[in-house]
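Enquirer: sequence and computational prediction follow.
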Amino acid sequence: MDYVNHKKAPGLPGNDRDGRACPGGSGRGRNELQQKATLPKTRALTIVSLLLAGLTFSGGLSLCEEKISSPRLLLEPSRLHPGQFLVVFLEGVDPDDEASFQTNLPQTTLKAYPYRQGLISLIGVDCRTPPGEYTISVRVRQKDLGLWQQKLKFVLEPKTFTTQHLEVSPKKLEVRSREKWQQDLSFILEARSKSCDLPLWEGGFLAPLKGRKTADFGLIRYINGKEAGRHSGVDIAAPNGTLVVAANSGIVCLARFLNVTGYTAIVDHGLNLFTSYCHLENLLVNEGQEVLKGQEIGQVGSTGFATGSHLHWGAIIGSIFVDPYLLVEKDPLDIFDRETG
């Protein structure tokens, strides 16, 4: 179990508690992002009230109440598969409240960010997680109301992943040696150690490339007859030099050549959500650069450990890889925005 204490801090616009600078106060989309994060409380409560049907909340509060006398916890979805993600929202907490989150999901730390007069957390579910019933619980200590706590359950359903068998030369296999993986990992972990505390993306994500999908997310890969782990993204085949675009707006937190994934870009979309673009022929962006949804960031290649020209596209929440096409199907913040038009 992982337990995270969080005390909301007002903060300053354009700065992240973990140290990554968010985009400045001017420029396309910035005012919209600030409006998303600071809706008037009555409007936010109306939205949340409409979405609480089917969930059991402590305290016997009416779903039609506009005034909240204690916090409310929202969890979506209630049933999912390994490789998918959850959205948790704790509504009705103030800057001076102390909130603690706990989950029994393996290898999971719930990280919450201030959002719409509450706290929000995206939680990735590792594709190796066993099916079963899991919980998210929260404890809030408030100055006026004392201690409030609640637990919600969700069900992880079984999923069968496909397999893939590759045969490569010993020379090619050396490209992904343990030593080279470790060298790459230091850069990757540093890039993902910070995230903007505002959502930088705008609506649903784009597929960064049109092409033939050659390897699914989560497939069990065998190299020269030996299991080599799970596939952390999707592979999309396309001719060398084909342009690759950013799946959504954000900040480039890594843009460099890595041993295993070749020329690689990672984009921070805020709230601990990242996308990665690997095996590129070249990079068209720099670290620290703001990118817009659909902006060109590189060209398809076969650099690093690759058996042909393709893009490896990944989505990561914290340290957990999830199926990136889920972001194309649905904006993670859709639970708030679906009623606002």
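Expert: Structure received.
Enquirer: which residues in the protein form helices?
Expert: In the chain, the segments counted as helices under DSSP state H are 30-37, 41-50, 170-173, 178-191, 325-329, 334-337.
Enquirer: worst average pLDDT in those?
Expert: For the helices of the chain, mean pLDDT drops lowest on helix 41-50, to a mean of 32.
Enquirer: Gly318 and Pro208: what is the separation?
Expert: In this view, Gly318 and Pro208 are 21 Å apart by Cβ to Cβ, to the nearest Å. Quick note: C-beta positions are derived from backbone N, CA and C, even for glycine.
Enquirer: settle it for me: which of the two has more neighbours?
Expert: Neighbours were counted for Gly318 and for Pro208 using other Cβ atoms under 10 Å; Pro208 has more, 26 against 19.
Enquirer: hmm, Val87 and Lys330 touching each other?
Expert: No - the pair Lys330 / Val87 is not scored as a contact, 10.0 Å apart, by Cβ atoms under 8 Å.
Enquirer: out of the two, which sits in the busier spot?
Expert: Val87 (19 against 13).
Enquirer: distance of Ser322 from Cys127?
Expert: One correction, residue 322 is Val, not Ser. Val322 is 8 Å from Cys127, where distance means Cβ to Cβ.
Enquirer: what touches both of these two?
Expert: Shared contacts of Val322 and Cys127, defined by Cβ atoms under 8 Å, 6 or more residues apart in numbering, are found at Gly83, Phe217.
Enquirer: so which of those two has more stuff around it?
Expert: It is Val322, of Val322 and Cys127, that has more neighbours when counted by other Cβ under 10 Å, with 26 against 22.
Enquirer: any idea of the pLDDT on the more buried one?
Expert: At Val322, pLDDT is 96.
Enquirer: what's opposite it in the beta bridge?
Expert: Per DSSP bridges, the residues bridged to Val322 are Ala315.
Enquirer: so it makes contact with Val125?
Expert: Yes - Val322 lies in contact with Val125 (Cβ under 8 Å); the separation is 7.3 Å.
Enquirer: which neighbours do these two share?
Expert: Going by Cβ under 8 Å, 6+ apart, residues that sit against Val322 and also against Val125 are Gly83, Gln84, Phe85.
Enquirer: most neighbours among the residues you listed, which one?
Expert: Compared across the shared contacts of Val322 and Val125, Gly83 has the highest neighbour count, 23 neighbours, by other Cβ under 10 Å.
Enquirer: which residues touch that one?
Expert: Val125, Asp126, Cys127, Lys159, Phe217, Gly218, Phe321, Val322, Asp323.
Enquirer: how about the nearest residue to it, chain neighbours excluded?
Expert: Nearest residue to Gly83, sequence neighbours excluded (Cβ to Cβ, 6 or more residues apart in numbering): Cys127, at 4.1 Å.
Enquirer: check Ile220 too.
Expert: Per Cβ to Cβ, 6+ apart, closest to Ile220 is Thr163, 4.7 Å.
Enquirer: count the residues that sit near that neighbour.
Expert: 10.
Enquirer: repeat for the one 3 residues further on
Expert: By the criterion of other Cβ under 10 Å, Leu166 has 15 neighbours.
Enquirer: which of the contacts of Gly83 sits closest to Ser186?
Expert: Phe321 (18.2 Å; Cβ to Cβ).
Enquirer: least confident secondary structure element in this structure?
Expert: Lowest on mean pLDDT, DSSP states H and E among the helices and strands of the chain sits helix 41-50, with a mean of 32.
Enquirer: quick check: end-to-end length of stretch 77-84?
Expert: Start and end residues of stretch 77-84 are separated by 10 Å (Cα to Cα, to the nearest Å).
Enquirer: with stretch 111-119 instead?
Expert: 9 Å.
Enquirer: pLDDT averaged over it - what is it?
Expert: Stretch 111-119 shows an average pLDDT of 91 in the prediction.
Enquirer: mind checking how far it is from the chain centre?
Expert: Here stretch 111-119 is found 15 Å from its chain centre; the criterion is Cα atoms, centre = their mean, to the nearest Å.
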